[in-house]
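In: what follows is a predicted protein model with its sequence.
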Protein chains: 4
Amino acid sequence: MQDSVANCAWQCCKGLDDKIIEWRRDFHRYPELRWTEFRTAALIARHLNQLGYKVIMGKQAQDPASRRAMLGSEETQAAKARALALGADHSLVDAMTDGLTGVIGILSFGTIDGSKPVVALRFDMDAIAQHEPREDRHRPYKMGFASQNEGIMHACGHDGHVAIGLGVAEALAVMVKQNVETGNAEMCGTVKLIFQPAEEGAHGGGQSIVNVGHVDDVDYFIACHIGMGATSTGQISTGTKDFLATTKMDAVFKGISSHAGGKPELGKNALLAASSAVLNLHALSRHSEGATRVNVGVIQGGSARNIICDNVKLELETRGADSRLNDFLQGRAELVLAGAASMHDVVMELSIVGECPGATSDPELSKKIAEACRKLWPNNDIREIMSFGAGDDATFYMQRVHENGGKATYMLFGADLADSHHGRYFDFDERVLPIAARTLVTVTADLLRGA
Amino acid sequence: MQDSVANCAWQCCKGLDDKIIEWRRDFHRYPELRWTEFRTAALIARHLNQLGYKVIMGKQAQDPASRRAMLGSEETQAAKARALALGADHSLVDAMTDGLTGVIGILSFGTIDGSKPVVALRFDMDAIAQHEPREDRHRPYKMGFASQNEGIMHACGHDGHVAIGLGVAEALAVMVKQNVETGNAEMCGTVKLIFQPAEEGAHGGGQSIVNVGHVDDVDYFIACHIGMGATSTGQISTGTKDFLATTKMDAVFKGISSHAGGKPELGKNALLAASSAVLNLHALSRHSEGATRVNVGVIQGGSARNIICDNVKLELETRGADSRLNDFLQGRAELVLAGAASMHDVVMELSIVGECPGATSDPELSKKIAEACRKLWPNNDIREIMSFGAGDDATFYMQRVHENGGKATYMLFGADLADSHHGRYFDFDERVLPIAARTLVTVTADLLRGA
Amino acid sequence: MQDSVANCAWQCCKGLDDKIIEWRRDFHRYPELRWTEFRTAALIARHLNQLGYKVIMGKQAQDPASRRAMLGSEETQAAKARALALGADHSLVDAMTDGLTGVIGILSFGTIDGSKPVVALRFDMDAIAQHEPREDRHRPYKMGFASQNEGIMHACGHDGHVAIGLGVAEALAVMVKQNVETGNAEMCGTVKLIFQPAEEGAHGGGQSIVNVGHVDDVDYFIACHIGMGATSTGQISTGTKDFLATTKMDAVFKGISSHAGGKPELGKNALLAASSAVLNLHALSRHSEGATRVNVGVIQGGSARNIICDNVKLELETRGADSRLNDFLQGRAELVLAGAASMHDVVMELSIVGECPGATSDPELSKKIAEACRKLWPNNDIREIMSFGAGDDATFYMQRVHENGGKATYMLFGADLADSHHGRYFDFDERVLPIAARTLVTVTADLLRGA
Amino acid sequence: MQDSVANCAWQCCKGLDDKIIEWRRDFHRYPELRWTEFRTAALIARHLNQLGYKVIMGKQAQDPASRRAMLGSEETQAAKARALALGADHSLVDAMTDGLTGVIGILSFGTIDGSKPVVALRFDMDAIAQHEPREDRHRPYKMGFASQNEGIMHACGHDGHVAIGLGVAEALAVMVKQNVETGNAEMCGTVKLIFQPAEEGAHGGGQSIVNVGHVDDVDYFIACHIGMGATSTGQISTGTKDFLATTKMDAVFKGISSHAGGKPELGKNALLAASSAVLNLHALSRHSEGATRVNVGVIQGGSARNIICDNVKLELETRGADSRLNDFLQGRAELVLAGAASMHDVVMELSIVGECPGATSDPELSKKIAEACRKLWPNNDIREIMSFGAGDDATFYMQRVHENGGKATYMLFGADLADSHHGRYFDFDERVLPIAARTLVTVTADLLRGA
């Protein structure tokens, strides 16, 4: 039985390999920033519609209140116009009310909607604000698919994620058809393919979907990433640990300027407050029960060297091995920021601009998938757990699924990388794409088959 | 005798009042930044040539080695092109080699060149990088002479200084002619009119001229400023004290970045170094023998909140009641900057981007001029000394003249102001312009007459 | 006329020279700390009583609410017992309720009490907590009058001040008698001799007397000090400037300790708070209108290197050219201290342990006294003004007298010094004592004579 | 076979229970500080001699160069005199050259010296500088065995460790005799009982013995502690993890004092340097690969609030999950300390006053011992690993033994405690003593039997 399903999955993916790579290059060419993934989402939605998925968008898909760090309305309008110019369907773009660019495709195996188990796969779509090098040493440029959207670049691999997701969507749609045609219902259940905006910076992309309840009924949740700890093509980790819980904060200190030579006493010095905050934030006690981190990464302030500085902005983050440890550090950090301001009688305005809980893959699910992978790729390096050196708002889904008794994991698909993630010359070995797609289709089929 | 000279001066200025105001508005309309005062200088040079002054420009006028904070070559070229488009003489602009935009006009009273005494007057020409408001409440805009050079504004009154200088040039030229014509040589000696670039920010404008030796033979030196402490039209101070000696520094801290969550131990944190420097700079002991100041006014650094910050730039200054006190503080500040860097094993690069000595007007010269002023403006508020709340690189000239046994002063010509100097809405009561011009012409004549 | 008065003063002092030096040595042998000057005060009171002064003590002399930094009751009792054992009158010591050890002696010239003018002289009596060296190089030891009260030493010269005061008291008493006997009333008015405790550390000695109103009716007030800026015997300054207003503060930070290796997160770190306070206090803007100072001079805290520090005490002070400037800095300092504590969620307790206003001698009085001095000591270096490098709570009296329209000054009597004031080997050339006494008697007589 | 050995061990210990408790109380009564454990060591040496152990002392036992934080020679002499007065053998005390108070007893099972395996047990002997409460609530006082050495107290349980060691020594000596007598050589090998001074504060006690090479030939090493994480009598942990490697440092900043009001510019402020060091030390990046800690626990400096502070002492420590991580942090800390000093041109003197590597019990040895314990104490809570919340220089031995291929562990013998270790009222349930002694004898016998 199993073999036949795996075989079917394999067959269904076969013709897709080149297509997936082409998709990836197309998305790479037209990268879009958080909350403005209009073209990307429109292409996805059109594709899912064509394949017979039930497609959910806009406020049905996402909670507007979860959004953070949205671009200004001018930039958003420009992105929308660009997407339309590049062939996005007008009606689909219109459906993405207020930059809610997430797309969820639902596919039922079996005769009834909502049948169990529910398997959800999540793919993130956003690019980052970075100039893509126009140099021959950079393969995307040399091969002609470098970014056409100045100042925006897919430098983390989300273009690949979307391409994988489209491939998976197509293969599963074919399998449903075969399932129906052959009359047997070897596979039963529901698949949700979640195409998520705004993963970078923890600006609410994941939360906005989780908060509508889209994973409340999910039995198995799988997110994935190309590369990261898995840096050679073919390597797969079916689980991930050490997502640190994190809070991203902006603190603005507002004082009173005055001429530093003539009337220093009239000033209220925001820079003394901010400098004290920086030192004391970094000096906070770490926690004995697990990793805790604090970092002020960006500082900016002042107008002239002879003016008492009246404004400084700090961009900072705290992290903890779990949410409790992060909360500990965030609480202490807030005290430091407020106290530093009060030392110099300046105002401090704090904004939480991002946050993610911690999470760890369910070991049982990770093991089950690893077994499937070992059958599928007998010669590859398959691991059940790897450490994640960063954050991903997939943890919101994982946390919710685990709370409701489901099982969630985060898979890594190894790829040779040309540069580190977010690096100037980031690119990856595209052979990872079909590997990832085939793996996810097979694993999904397995889960639906109750294997 | 005196009356006749004074009378003559007065007569010579009479027709100039409106012209000076027109000049001011023209310069206001086309403000130019430090070391790119091409149009301003070209108009001045043409005028001085026409009036019969011996004109010195380029390397004859200025020492290139004294220049600091020059604009990039692209910006400089653009400014040159703009000047030419606005009617500057090509040959004159060409004479301003490498942005040496200073113009010195020399006029001899008497039969021999270089005859004594030598009286030098200095006028600064540069504007500042500031957007001029296009609002009706702002008189220059309402009256149609707001800046046409976007992002540049005459917000300190140097447009007025240049206009005064041109008026003085013209009146004195007429007086030379009369001196010659009448055959008497009541006035004898040499006048140097120094039109100086790059006064703002202590970026070397004054030094560049002093270093060539142009005031080495000067017996009487007079610089002046509209407004400042003298905030009502008609008020005149013939002397100024409390120029603080100052050093302007940029300190760049360069560390090593690393992921603050994943690999904090690999980073070398430039922000901790810079924050420590800020606190410890401000914490330096002040000096018991006079005013001393230190201020870090601008900070900028880092790339992202989750990256250990690897670069921070501080813009700072020290000041002292005299150069010795400023040296004390500057020396201590340099230790703090270097030590802060070494605490975190980061590199610190320090640039001195500006400096001025302290200075005080010669009380005797100040008194002599005050007496002349009281005759000229019997109903005005004439003071011999006022305090200066800022720096001016006129102190380089004053220091040199005093060292050589000459007498130097810095005069303030009161004016009602619409906003503080460098303020967004800065403008001044233009009636100050003819007052200043007439005063300077009269005073110069007096000095040449040996009064 | 004047000559006869001066002559009389001179004659009256003549026999006192050796007595004054003996007194000084006696007081040097038995030094007493602030608010426990029982023996010193009892000897003074007995002497004044014998001379016919009206003597005011205890709550009549001082406001108990002004006292600060009193010793513990055990120490106070021990000091009292010691004083009694050393011959202090029991009834007089009893009169010094609760350590109010000040003694005021009032003497009237003329027939009615309270006749004008009122001349007040102030002498301070307290020693400091310091071990007196028992080495032959130290003259007081070698000559046998080193401190017998272990750990206490007259290392600032107040023993000399008291001795001068007693000499002045005796000479004036003789003069009153002569005034009466000769029937002429050349001198008319009232003299108040104020023997004040607790001058050191600004712990309220001066305030306690001023607050009762004892100088409210004073026309001429004179305080004096041996040495200080006047470091050669014979030199006299009849006025003093640059007393900085000052506030002395203790700040105690109280956090929560915890094991730094095992449970750092349980601690609340008082040392981080205190260190931030230190840096930010020193970093406060100074004031453009005059000298301002802030210094944390002493820090002490913590229990072990492996324990998060839960307590730190800072001893600090602010100073200003006048009380307004000091208030500015004190206010800012209090914000820094409170804010630093709140950064680390620790408690901060602030105690004001001392304060003095600023003051400057009345120039007219200073000049008048200088003229008298020049007659008295034609070969000496007599100045009208010198700078004071420290604080003295005589400024409370000076401030009050000036507020009420009187004239106040602070005189310096030069003396060769063996070490700096408060230095381990402090001693002074005792020839200053008769010079000071004769000068003060003469000056007082002059003022009473209406010269 | 095993049973007979275990049985024999049990029998040999039987009569010792009360003796061990008496010993403990005797040592508790006469506690001795690091490097002055003269009486304790003399009693141990005498006992070991009597039992037939080969006894090694003085420079044969310890490397003098490893000693740190020795008491002054006066204090050391006084301690020696006290020990002699309390019955220590003169010759033995003399053998403890220069405070080298360690005692090593060697016992051979079998016919040849140095036969294998070599089993080493380590017991620490020193007390701490603390006043023992004389209150009835404190059992040692109530029962009459509180410290007779004022200011010194056994508040960590080392008195119990010595008593256990003496009991083990006696039981093993009896077993050797029986081994010989019965003619069978069931047990074969060598036992080293190491009685170590100066464990507290990582002042070199352990290092001094390891550096002579006394554990270079050791196959099994066991150190132990009463209480710590094991807080109920009867509980045993046969292994310990999480000893953090640590370095203890004192940093003294020396500047130049000056009057803060009069001549602040002459000072070089040690307190600004030290405060910056404190903040920046705590702000150092922690390491991603394991626990790292830094703490400044004690600060002390300055002489008076009106004097620029010219000396500050910091007492600090770094820790790391292993020596590499501690080295990382120590290296960074040294840079901070030096840089902070150079910021204010003050001198910084750094002393390493203690250090320990990290260590973890060998899991195999820990398991083997646990199995023996479970047989011995079938009803007790026996664990193979517990976490250690502090440092112990036993890690020097463990590190060396592991390097040489041996196996080392650190056992915890649970005891109900009256207060935390180093707490004022520290005392422990003495029933732990026979439990520990019997366990160690049995385990040693097992290891010698090759079980």
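Out: Thanks, I have the structure now.
In: now A:Met143, nearest residue through space, not along the chain?
Out: Nearest residue to A:Met143, sequence neighbours excluded (Cβ to Cβ, 6 or more residues apart in numbering or on different chains): A:Arg25, at 7.7 Å. Where you see a C-beta, it was placed from the backbone N, CA and C, and this is true even at glycine.
In: list the contacts of the one you found.
Out: By Cβ atoms under 8 Å, 6 or more residues apart in numbering or on different chains, A:Arg25 lies in contact with A:Pro140, A:Met143, A:Phe145, A:Asp159.
In: was I right to think the third one contacts A:Pro31?
Out: What it means is A:Phe145. No: between A:Phe145 and A:Pro31 there is no contact under Cβ atoms under 8 Å: 10.8 Å.
In: and those two? which has more neighbours close in?
Out: Comparing A:Phe145 with A:Pro31 by other Cβ atoms under 10 Å in any protein chain shown, the one with more neighbours is A:Pro31, at 27 against 19.
In: helix, strand, or coil at that one?
Out: coil (DSSP: H, G, I helix; E, B strand; the rest coil).
In: just give the nearest non-adjacent residue to it, would you?
Out: Going by Cβ to Cβ, 6+ apart, A:Pro31 has A:Ala127 as its nearest residue, at 3.2 Å.
In: looking at it, the one you found is touching A:Arg29, isn't it?
Out: No: look at A:Ala127 against A:Arg29 with Cβ under 8 Å: they stay out of range, at 10.8 Å.
In: who's more crowded, the two?
Out: More crowded of A:Ala127 and A:Arg29, by other Cβ under 10 Å: A:Ala127, with 26 against 18.
In: now that one, what are its backbone angles?
Out: With angles defined as degrees, to the nearest 10, A:Ala127 sits at phi -100, psi -180.
In: list the contacts of it.
Out: A:Ala127 sits in contact with A:Pro31, A:Glu32, A:Leu33, A:Ser147, A:Asn149, A:Ile152, A:Met153, A:His154, A:Ala155, A:Cys156, A:His158, A:Asp159, where contact means Cβ under 8 Å, 6+ apart.
In: now for those: which two are most distant?
Out: The most widely separated members of the contacts of A:Ala127, counting by Cβ to Cβ, are A:Asn149 and A:Cys156 (15.3 Å).
In: which of the two has more neighbours?
Out: A:Cys156 (26 against 18).
In: what about that one, distance to D:Ser232?
Out: As for A:Cys156, its distance to D:Ser232 is 53 Å (criterion: Cβ to Cβ, to the nearest Å).
In: repeat that for A:Ala223.
Out: Note on A:Ala223: its distance to D:Ser232, by Cβ to Cβ, is 46 Å.
In: just to revisit the earlier point, of the contacts of A:Ala127, which is the most crowded?
Out: Highest neighbour count within the contacts of A:Ala127, by other Cβ under 10 Å: A:His154, with 31 neighbours.
In: surely that one touches A:Ser147?
Out: Yes: under the criterion of Cβ under 8 Å, A:His154 makes contact with A:Ser147 at 7.2 Å.
In: what sits in contact with each of these two?
Out: With Cβ under 8 Å, 6+ apart as the test, A:His154 and A:Ser147 both reach A:His28, A:Pro31, A:Ala127.
In: closest one to A:Ile44 out of the contacts of A:Arg25, please.
Out: Relative to A:Ile44, the closest of those is A:Asp159; by Cβ to Cβ it sits at 12.1 Å.
In: what about the nearest residue to that closest one once chain neighbours are set aside, which SS state?
Out: Counting by Cβ to Cβ, 6+ apart, A:Phe27 is the residue found nearest to A:Asp159 once chain neighbours are left out, at 4.0 Å. Here A:Phe27 is recorded as helix under three-state DSSP.
In: so what's A:Phe27 up against?
Out: By Cβ under 8 Å, 6+ apart, the neighbours of A:Phe27 are A:Thr40, A:Leu43, A:His154, A:Asp159, A:Val162, A:Ala163.
In: farthest pair within those?
Out: Using Cβ to Cβ, the contacts of A:Phe27 span at most 14.3 Å, a distance reached by A:Leu43 and A:His154.
In: okay, the contacts of A:Ala127 in a markdown table with pLDDT and secondary structure next?
Out: A markdown table is the format used below for these (pLDDT from 0 to 100; DSSP: H, G, I helix; E, B strand; the rest coil):
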| residue | pLDDT | secondary structure |
| --- | --- | --- |
| A:Pro31 | 98 | coil |
| A:Glu32 | 97 | coil |
| A:Leu33 | 96 | coil |
| A:Ser147 | 97 | coil |
| A:Asn149 | 96 | coil |
| A:Ile152 | 95 | strand |
| A:Met153 | 95 | strand |
| A:His154 | 97 | coil |
| A:Ala155 | 93 | coil |
| A:Cys156 | 93 | coil |
| A:His158 | 98 | helix |
| A:Asp159 | 98 | helix |
